[in-house]
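Peer 1: Prediction below, plus the sequence it came from.
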Amino acid sequence: MAEKKLYEGMFLVDSAKAASDWDGINAAINKILERADAEIVSMRKWDDRRLAYPIRGTSRGTYMLCYFKAEGQKIQGIEKDVQLSENIIRVLILSTDQMTKEDIEKDTPATKVEKEKAISERPQEAEVSEQGDQLEEPAEEQAWIADEANTAEDAGQDEEVEGEEPQDFQPKVSSDD
């Protein structure tokens, strides 16, 4: 029996199925991992997002982040079982050699309740504006938003101005006689 290594698995499931049968989705992922004799270290809902393109007729997906220990030969079987599963759309499995328990907990994003609790514990960062009806965002979050905007600009994803049509690319024609 080979040594079990730590793996990180990102499972993509249909958001509609996840919303209606969350326990069934968890059971399907657990069943696939148990079939491969994997030991689940941590499993958590990561996020619900719009997909870049439709996959199997689905435009939204829920991501499940799972850390598990398994033998290297079993990973191909896990991927095959995911392809045969109707509940799971895609999976990405990566080997994570240097992850500690603390790293795993930091890597899994906080739930909405945990985020609200963290915000309520830091009231000095969220100050009431002059109108008294809106809260300003903490400086850390403002920096993150600014960084995201810079990243989008660098990638050429500038927002279009409302009412203006995008200009079509016109190649320069040279006349060599």
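Peer 2: Sure thing, it's come through. Numbers count the residues shown, from 1 in each chain.

Peer 1: going forward, measure contacts and count neighbours with C-alpha atoms only.
Peer 2: Noted.

Peer 1: tell me the SS of T62?
Peer 2: Secondary structure state of T62, per DSSP: H, G, I helix; E, B strand; the rest coil, is strand.

Peer 1: try F68
Peer 2: strand.

Peer 1: which residues does it bridge with?
Peer 2: The partner list for F68 in beta bridges (DSSP bridges) reads Y7, I40.

Peer 1: Please work out how many residues are found near it.
Peer 2: Each residue near F68 was counted by other Cα atoms under 10 Å, and the total is 20.

Peer 1: quick one: contacts for it?
Peer 2: 6-9, 38-42 (Cα atoms under 8 Å, 6 or more residues apart in numbering).

Peer 1: can you put those residues in TSV and add neighbour count, pLDDT and distance to I78?
Peer 2: As requested, the contacts of F68 are exported to TSV (neighbours: other Cα atoms under 10 Å; pLDDT from 0 to 100; distance: Cα to Cα, whole Å):
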residue	neighbour count	pLDDT	distance to I78
L6	22	90	14
Y7	23	91	12
E8	21	91	12
G9	19	92	10
A38	23	91	10
E39	16	91	13
I40	16	90	13
V41	14	87	16
S42	14	86	17
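
Peer 1: For the nearest residue to L6 once chain neighbours are set aside, which residues are in contact?
Peer 2: Among residues not flanking L6 along the chain, K69 sits closest, at 4.4 Å (Cα to Cα, 6 or more residues apart in numbering). Applying Cα under 8 Å, 6+ apart to K69 gives the contacts 4-7, 38-41.

Peer 1: coming back round to it: let me know the closest of the contacts of F68 to A52.
Peer 2: The closest of the contacts of F68 to A52 turns out to be G9 (Cα to Cα; 20.0 Å).

Peer 1: what's next to the helix or strand containing that closest one, contact-wise?
Peer 2: In this assignment (DSSP states H and E), G9 forms part of strand 5-14. By Cα under 8 Å, 6+ apart, the residues outside strand 5-14 that reach it are 25, 58, 60-72, 87-97.

Peer 1: at 7 Å what do you get?
Peer 2: 58, 60-71, 87-97 (Cα atoms under 7 Å, 6 or more residues apart in numbering).

Peer 1: Produce a PyMOL select command limited to the buried residues of those.
Peer 2: Buried residues within the contacts of strand 5-14, by 16 or more other Cα atoms under 10 Å, are selected in PyMOL with:
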select buried, resi 60+61+62+63+64+65+66+67+68+69+70+71+87+88+89+90+91+93+95
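
Peer 1: tell me the mean pLDDT over stretch 11-30?
Peer 2: In this model, stretch 11-30 has a mean pLDDT of 90.
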